[in-house]
Every structure is written in structure tokens, then in C-alpha cells.
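Chemist: This is a predicted model, with the sequence first.
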Amino acid sequence: MEIKNFLKKYKITLKELADILEISRPTLNTYIYQYEQEEEIQNKLYQNIFKSIFTKEWGDKVEIFEEINHLKRNKNNENVDYLSENLELINSIKEKMYSDMKGAKEVLPLYKFINSVLYNYNGDDGLTGYIDYNLYLNGLKELKNISEEEKTLISNIYPIMKNFVKDKLIFDEEGYKLFCQRVEEIKKMRIEETERIEKEFQERIRRELELKFNIGKTIEEKKILELLEKIKF
């Protein structure tokens, strides 16, 4: 049975299916296309769900949704690499994010910062130093493990933050000027890196398309969507 007929039979919309699977509509369309073409869905969890759901008869859509949730939970339990503490932390973060992202645009800069921390921690000395200062301060890293370099940084940061909290800091015009200059430098670097990556993408795509067209191949829109879905950073 084609999936669209299956969904029609049980009165399930594509939006409902995407929501219960926790994936986007374009991703769902790609998975449906792959499944109906008897291709292997790249994500093993969804390959398993599709095989389990779309090859059986069900009482109603509630029963289907319960089975999907059951399969998702079992998949989480199979991840033996995750300690229970780690899973609890992941779930806590997810719950907070889902709550904060409900139209509260003022939190977006915070989550952009968190995202930057996750990908740049230990790669950006300035960022890592400040984050470690907060981790040590709140007991999330043990002081007994602190390095001499970290001690030097923290001994300078703490008096500044203490005076800031007590409203005793004095405006440093030169310091603020240097800060603004650094902001512009970082902005310029990001623009240059974006342009470099864009240029490299364009060149590689051009070469690949030229190769395909030279041997008489055509590229269908569904394949383009499939390729876009596979691009990960």
C-alpha cells in the first residue's frame, strides 16, 4: 500500500505524521519517497518505524501513534553509550528549549550563544576561558583540577564580575572602543568565511553537474530535495 493511501485510510495528515515522528515535512517527503522506491532510509530509526507501521493493519490512528512513540522510546533505550545522567540532561535541555522557543524571540540570542558554545568549546580560547570561569564558580568543574593558566584568567575575571554585580565598575572608554573594534573584526571574518564556503560550494556543484550532464544524466526535483536533506554541518 502506498503511504498516502495508508494515511488516508487512517485519517492521518502529513503534518500529524511529521509531528509524531519529530521531523520536518521535507524530511518526511524524502523518507516516504525512499521507502516507496524500496530504498534504505538513511536514518535507521525511521527505516524501522516505516517497516513496522506501514506493513500492518491497525485499529485506528491512536494505536499507530502509540506504536511510533513506543518504537522511538525503544530506540533511545538501545543507545547504551548514553549514561542515564546524560539522557536526563538531554531531556531537560530539550524540554527547556521547546518551552522557550514558543514565540519568545528574546531568548534566541541566548540559544545562538549556547549553540556557539557547543560547537566552539575548546576551539576558541576566549570563549572557553569565560565558560570555564562560570563552570568553576558554580561547582560544575572541580577546583582541584584547575590549571595555572585558568587560575590566572579567573583571578582577573572574578574581581571585575564582583564589582559589576555590586555596581562598582567604572566605564572604560578605551576598553569599550577595543571591544567594538573586535566585534567588527569578527563580523568581517564571518562574512569572509561565508563567501569562501559559498564559492567552494558553487565550484564543486558546478563540476558535479557538468560531469552528470556530460554523460546524459538528468536530475529530478525529488533527488535535489533528497541531496539537500543530506547536507549536514
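Modeler: Thanks, I have it.

Chemist: Would you mark the buried spots in the helix or strand harbouring residue 131?
Modeler: Residue 131 belongs to helix 125-137 when assigned by DSSP states H and E. Buried residues in helix 125-137, counted by 16 or more other Cβ atoms under 10 Å: 128, 129, 131, 132, 133, 136. Any C-beta I mention is one placed from the backbone N, CA and C, and that applies to glycine too.

Chemist: Relative to the whole chain's centre, how far out is the helix or strand bottoming out on mean pLDDT in the chain?
Modeler: Within the chain, no helix or strand scores below helix 221-230, which has a mean of 73 by mean pLDDT, DSSP states H and E. Its chain's C-alpha centre and that of helix 221-230 lie 19 Å apart, by Cα atoms, centre = their mean, to the nearest Å.

Chemist: Show me what it is packed up against.
Modeler: The contact analysis (3 or more Cβ pairs under 8 Å, 6 or more residues apart in numbering; DSSP states H and E) places helix 221-230 against helix 25-36.

Chemist: What lies in contact with the helix it packs on?
Modeler: Here helix 25-36 makes contact (Cβ atoms under 8 Å, 6 or more residues apart in numbering) with 2-3, 14-15, 17-18, 21, 23, 40-43, 46-47, 50, 54, 222, 225-226, 228-229.

Chemist: now, which of these lie within helices?
Modeler: Of the contacts of helix 25-36, the ones assigned to helices by DSSP state H are 3, 14-15, 17-18, 21, 46-47, 50, 222, 225-226, 228-229.
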